[in-house]
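> I would like the atomic coordinates for the input below:
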Amino acid sequence: MSLKKGTLTFTRLRLVDPLPADFSAIFADRIGACAFRDFFPENEEKSVGWTALQDILDNDFKYANHTLGDYRVFSLRIDRKKVPGPLLRLRILEAERRLREARGGRKLSREEREGLHGAVHQELLARTLPLPSLFDCCWNLAAGTIWFSGHGEKALQEFQDFFRETFAMGLTLYTPWEDAAPTATSDDDPAALFLTQAPGREFLTWLWFKSEERNGRIDMGGDEEVVLLFVRRLVLESGKGDYTESVVCQGRHASLLEGKEALRQGKKIRAARLSLELDTAEWEFTFKADLFQYQAMKVPAPTEEFGDNEEMAAEGRLLERIFLVEKAVAVMDRLFAAFQALRLSGAWEAESARMEGWINRRD
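This is a model prediction of the structure:
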């Protein structure tokens, strides 16, 4: 995700602990205490810390503001040193040979070899340049949610761990179907069963059906509707682990025959490229159903002028991008809420039958 410009990729998380009453007063101290420092402790392969989103070199937040109303914006920087495996093995072989020759060819003990391996690794590590990774973060204090520009499991876990270390608060991945859990009264309750059946994939499959039902127009209730189209790419999947089967459909239109055939075989949509239009604004993004993640989101072009003050203009553009992203996410959340209500109601049987007819229609 790049909050400042370009496309955005992000995962949503939410707080599991309440904000302390004095949080606004202590935020700057806490993020400053855990800011990125450009050094590596001895024997460490990773250096982690916060930096300013507007200026990645501003580790002290002197020139870039991390506070935008109810939002906090900043970046997580992770620098890693990694010794290439082939180089490490070669240097270990060389070190072992030198030591054996110095000892007249005597074989090395297991302990000697382990010690030598560690010494060679540390020597190479000290001479290796770190590779930086940057992840943008947008924290909505009022909603208790955070966008994090990583999708990988490792990056997400590192972010959650360092966030807790900094702010003494926990985070959990946010998926909207979690809100259905409290309504479940037993394991065979419809709400409980719904949570075990890949609700994100069911939702995305239903959304394709609703999109094709009225040429992309989907009723949002009242007089409001959106236009949502599946464009260029679908990923469908069934099974788990070693038994996973995937089908990737690519083309200008998502109504590819391969996609419908995959649905007939019992697969569900794991990811899709979507075009969303609301009023006069249009977004395009890849939606990953399993964790409600967004990838390569294109947001509408700015519609406002923010004056000649460079700093205020930058903050204005950033707030507008945040607003536009939240608007698209809110639409997807509302669509899921409508799907979930239908899925857990008596009307689902009729809706499911209509979906079956759509899937099996060969035209």
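
> what ranges do the strands span in the protein?
For the chain, strands defined by DSSP state E occupy the ranges 8-15, 46-51, 67-68, 71-80, 131-140, 145-148, 171-173, 217-221, 224-238, 245-250, 268-278, 281-288, 293-298.

> Could you save those as a markdown table and add columns showing mean pLDDT, distance to E356 and mean neighbour count?
(Each C-beta comes from the backbone N, C-alpha and C, glycine too.) Converted to a markdown table, the strands of the chain look like this (pLDDT from 0 to 100; distance: least, C-beta to C-beta, whole Å; neighbours: other C-beta atoms under 10 Å):
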| stretch | mean pLDDT | distance to E356 | mean neighbour count |
| --- | --- | --- | --- |
| strand 8-15 | 95 | 32 | 22 |
| strand 46-51 | 92 | 50 | 19 |
| strand 67-68 | 88 | 48 | 15 |
| strand 71-80 | 93 | 44 | 20 |
| strand 131-140 | 94 | 40 | 18 |
| strand 145-148 | 96 | 36 | 22 |
| strand 171-173 | 95 | 32 | 16 |
| strand 217-221 | 90 | 20 | 13 |
| strand 224-238 | 90 | 16 | 19 |
| strand 245-250 | 84 | 19 | 15 |
| strand 268-278 | 94 | 14 | 21 |
| strand 281-288 | 96 | 23 | 19 |
| strand 293-298 | 96 | 28 | 18 |
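
> Quick one: closest of those to A330.
Nearest of these to A330, taken as C-beta to C-beta: strand 268-278 at 9.7 Å.

> And this protein, split by domain according to the record?
8-81+129-174, 85-127, 194-360 (automatic domain parsing).

> can you tell which of the strands of the chain is closest to E112?
Using C-beta to C-beta, the nearest of the strands of the chain to E112 is strand 46-51, at 28.5 Å.

> Give me the contact list for that closest one.
31, 34-41, 57-59, 74-81, 130, 134, 158, 162, 166 (C-beta atoms under 8 Å, 6 or more residues apart in numbering).

> What angle do strand 71-80 and it make with each other?
160 degrees (axes from the mean of the first three to the mean of the last three C-alpha atoms, to 10 degrees).
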